[in-house]
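1. just the structure for this:
(chains A and B, ligands or ions: 2)
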Amino acid sequence: MATRTSPTPTPTLPAAVPAPLPPPPSDDACIRVRGVSRSFPGRGSDVLVLDGVDLTVPQGSFVTLFGPSGCGKTTLLRILAGLQTQDEGEVRLFGQTPGQAAKDKNIAWIPQSSALLPWAGARRNADLSRRVNRRAGRRDADRRAPGDPVAVLGEMGLAGSVDLLPHQLSGGMRQRVSLARGFVQSAPLMLMDEPFSALDELTREGLRYQLLDTWERHRRTVVFVTHSATEAVLLSDTVVVMSARPGRISTVIDVDLPRPRPAGIDASPEFHRTVARLRAAVDAGRTA
Amino acid sequence: MTTGIATASPSTSTDVPRPAPAAPRPRRRRRRWPRTVLPPLVTFALLAVLWEWVATVQASVLPRLPDVATALAEEPDLFLSNLGYTLGSAALGFVIGVSVALVLAVLVVHVPLLHAAIMPVAVLIHATPVLAIAPALIVAFGFGKLPHVLIVALITFFPMLINAIAGLRSVSTELLDVFRSMAAGRMEVFWQLRLPSSLPFLFAAGKTCATLAIIGAIVSEFTGSVEGIGAVIITSTKYLDLPQMWAAIFLSAFVSLLCLGAVGLAERLVVRWR
Ligand SMILES: Nc1ncnc2c1ncn2[C@@H]1O[C@H](COP(=O)(O)OP(=O)(O)OP(=O)(O)O)[C@@H](O)[C@H]1O
Ligand SMILES: [Mg+2]
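-> Numbers count the residues shown, from 1 in each chain, chains lettered A, B, ... in the order given. Ligands and ions are numbered 1, 2, ... in the order given. As a prediction, the model looks like this:
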């Protein structure tokens, strides 16, 4: 399970390997959001929540949406998932619209609460994607088989709990089952809306590394939402900073930390510098 | 922050100090029966004593309990056949009322317009006192089983309808999002999400309906029926046969309890996630 190198007392990080500049990705190899706007009926007039959001997420990268409360992160994520529609603009998930992607089960949605079926054990919950929308499963069978729920639960440290019902699990364990459900689905895109926000700090820290480990093994494209700057920097390749009213992308910060992230990276100066940069960007977005 | 390294290493990150998920806990079988069985027994004994006292002081109010037992023992066939008749109408009416309610609830949950169309009628049926329509139904359908069955169906219908609608709507929105994000079909959402979510509601209503069904069947037999426990009660009232009357009453209470227990047992077998 321990894939990470043992912690060194004073971590000297290997210089970030300069990633070979990818050719500008074609629509099939990335998530592309172009000019997406969305407003909601407010008191009197409509409230513009997202205003012309442009975003490109290359395949296999971990991107975090970061910004003040109410800036439209959840709204953007729901639009990506096809759970909500945009008023204007275009969304392409590896060449598909969100609706098509959902039909092909190409989106794994991991909500804020674990949202498990209370009557199903951890294994059945993790395996939900196999029992829902089976037509997509059959159509895609050769291209992508769902993962093995027991194996993924094992990676998540839940090997001994596969038969327990959600009410027999702790909050952190439930959240891990929810993440496992997302990974088992084997969708090329995973969307996570503050999946750890309901947990205590200690559990949360453990889960971050759990997610990091599992993600580094599976390397799906992830769009993640969090309110924690450290969490954002620890997990992401890119942090997209949004500003509020109307929600816009104010800055995009590339996290130049090595992959896989070595243990103890959150104590390194580079890490702290990036967190500080991120905080500054949020403040700049607020005053701007 | 250097201490953070220790907590951050994967071996500890996996399991924040938390007791390992335990194997099924050994059942706590502490002797609970003295606490659960004894107190009600004492209450029943006291009530029986009080009853006997009233029965001896005022024989026209209550029969002596031994006389009730004798009435039961002397004519078991009378009670059993009439009880069978009543239970038959209760069961059939229950099945009809509950089935119609379930079908309507499913429709109402999926077609919002139907909600507006159906609910006023359902409320009206609910507001009508059963006793008031029993004679009308007997006039309309004669002295067979049909009016009794209809009355039971009418009074079990509404509680089940309301609870089933609430239950089918009790699905967590976040779970619904998960299903929608996989483009789950309506049928899949229904069978895998809505129906199981509604089960606790259905069983709660099932218990209400089980007792209501027996009440409905008996009450419907008060007017113009020659069969059933209700008819036995009416006949014994006419002849001031208190022991027989109370035997019938106790019997119906007992059967009501049995039905309640049966639904409760089914609930415990099916709803295991609470
Ligand atoms: N269905 C809706 N109807 C009306 N207004 C909505 C709706 N959904 C979101 N909004 C509004 O859109 C704005 C952005 O909401 P959103 O949930 O996307 O914010 P967020 O960035 O996720 O915030 P948080 O960090 O607190 O979760 C809020 O002001 C909210 O009131
Ligand atoms: Mg949100």
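2. use CA for all of it now, contacts and neighbours both
-> OK.
3. just want the most central residue of chain B.
-> The centroid of chain B falls nearest to B:Lys207 when counting by CA atoms, centre = their mean (1.5 Å).
4. what about that one, helix or strand, and which?
-> Under the criterion of DSSP states H and E, B:Lys207 resides in helix B:195-220.
5. try A:Ser114
-> With DSSP H and E as the test, A:Ser114 turns up in no helix or strand.
6. same check on A:Leu50?
-> Using DSSP H and E, A:Leu50 maps to strand A:46-58.
7. and the residue nearest to B:Phe94 when sequence neighbours are not counted, what is it in contact with?
-> Counting by CA to CA, 6 or more residues apart in numbering or on different chains, B:Phe94 lies nearest to B:Ala153, which is 5.6 Å off, once chain neighbours are set aside. The contact partners of B:Ala153, taken as CA atoms under 8 Å, 6 or more residues apart in numbering or on different chains, are B:Leu92, B:Gly93, B:Phe94, B:Val95, B:Ile96, B:Gly97, B:Val98, B:Ala213.
8. likewise B:Ile218?
-> Residues near B:Ile218 by CA under 8 Å, 6+ apart: B:Thr86, B:Gly228, B:Ile229, B:Gly230, B:Ala231.
9. now with 6 Å, please.
-> B:Gly230 (CA atoms under 6 Å, 6 or more residues apart in numbering or on different chains).
10. could you report the pLDDT at the residue in chain A that chain B sits nearest to?
-> Nearest residue of chain A to chain B: A:Gly206, at 3.9 Å (CA to the nearest CA). pLDDT, A:Gly206: 85.
11. could you pull out the strands for the stretch 51-200 of chain A?
-> Assigned by DSSP state E, counting those that start in this stretch, the strands in the stretch 51-200 of chain A fall at A:62-66, A:88-93, A:107-110, A:189-193.
12. any idea which of these is most buried?
-> The highest average neighbour count among the strands of the stretch 51-200 of chain A, using mean count of other CA atoms under 10 Å in any protein chain shown, belongs to strand A:107-110 at a mean of 28.
13. for it, which strands pair with it and how are they oriented?
-> Sheet pairing here is set by DSSP bridges, and for strand A:107-110 it gives strand A:189-193 (parallel).
14. so which strand or helix has the residue nearest to B:Phe94?
-> Counting by DSSP H and E, B:Ala153 is part of helix B:146-168.
15. which residues sit against the following helix or strand past that helix?
-> Where DSSP H and E defines the elements, the next helix or strand beyond helix B:146-168 is helix B:173-181. Applying CA under 6 Å, 6+ apart, the external contacts of helix B:173-181 come out as A:Ala102, A:Trp109, A:Ala115.
16. now with 7 Å, please.
-> Helix B:173-181 is contacted from outside by A:Ala81, A:Gly82, A:Leu83, A:Ala102, A:Ile107, A:Trp109, A:Pro111, A:Ala115, A:Leu116, using CA atoms under 7 Å, 6 or more residues apart in numbering or on different chains.
17. need the max-distance pair from those residues.
-> Greatest spatial distance among those (CA to CA): A:Gly82 and A:Leu116, at 20.5 Å.
18. so what pLDDT did the residue in chain B that ligand 1 sits nearest to get?
-> Going by CA to the nearest ligand atom, ligand 1 is nearest to B:Thr173 of chain B, at 12.6 Å. With respect to pLDDT, B:Thr173 scores 94.
19. how close does it get to A:Leu179?
-> As defined by CA to CA, to the nearest Å, B:Thr173 lies at a distance of 18 Å from A:Leu179.
20. check which helix or strand covers the residue of chain A closest to chain B.
-> Using DSSP H and E, A:Gly206 sits within helix A:201-218.
21. do B:Arg272 as well
-> For B:Arg272, there is no enclosing helix or strand under DSSP H and E.
22. quick check: phi and psi at it.
-> phi -110, psi 10 (degrees, to the nearest 10).
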